[in-house]
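*Asks:* I would like the atomic coordinates for the input below:
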Amino acid sequence: MFKAAVVGGALAFLSGCATSGRSFNEMALAEFVPGQTTYTQAVRLLGAEPVNTYSQLNGTMLAQWEHKITVLTDAAYYRRNLLLRFSPDGRFEAVVDSNNVLPSPKQPADSASGYTQMPPPPSPVRQPNPELEQTVSSQAVAYPLK
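*Replies:* Residues are numbered from 1 along each chain as shown. From the prediction side, this is the model:
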């Protein structure tokens, strides 16, 4: 009887578990070299195909690896997400976004290879520009009442 209750409790607990995406080896990211590691090598090193790929108008490609483990309908979950950019010739350029992924890619041995980091995104806070600012004057106008 006790054994059946334990098994029933375990089944009830596990019935609320779910996984989505594909598990990947985040430690392999430390082996990526910008401008050298190819898309095929990235897939092999990470141990899984990306869950999504996005072709960009400039010829680059974004590849997304994601793995999520959920227990009891999102009451507790663990999510890892990795979004990598690849050049038009299929070489790794940069980590675009990541969640719960620790290692960083290696820097290229030859920094004069033409690879440059993207500049940081512009600040979302509007910066004042005195050349574009115009003074606004307000005048009170009185109209006679009839």
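*Asks:* And the helices in the chain?
*Replies:* Along the chain, counting by DSSP state H, helices occupy 2-14, 39-46.
*Asks:* buried set for the shortest one?
*Replies:* Taking 16 or more other Cβ atoms under 10 Å as the neighbour-count basis, helix 39-46 is seen to contain the buried residues Tyr39, Gln41, Ala42, Leu45, Leu46. From N, CA and C alone the C-beta is placed, and that goes for glycine too.
*Asks:* which one of the residues you listed sits closest to Asn99?
*Replies:* Nearest to Asn99 among the buried residues of helix 39-46: Leu46, at 15.2 Å, using Cβ to Cβ.
*Asks:* Assess the claim that the closest one and Ser23 are in contact.
*Replies:* No. If you go by Cβ atoms under 8 Å, Leu46 and Ser23 don't touch, sitting 9.6 Å apart.
*Asks:* separation between Leu45 and Asn58?
*Replies:* For Leu45, the distance to Asn58 (Cβ to Cβ, to the nearest Å) stands at 25 Å.
*Asks:* Kind regards, and thank you for your time.
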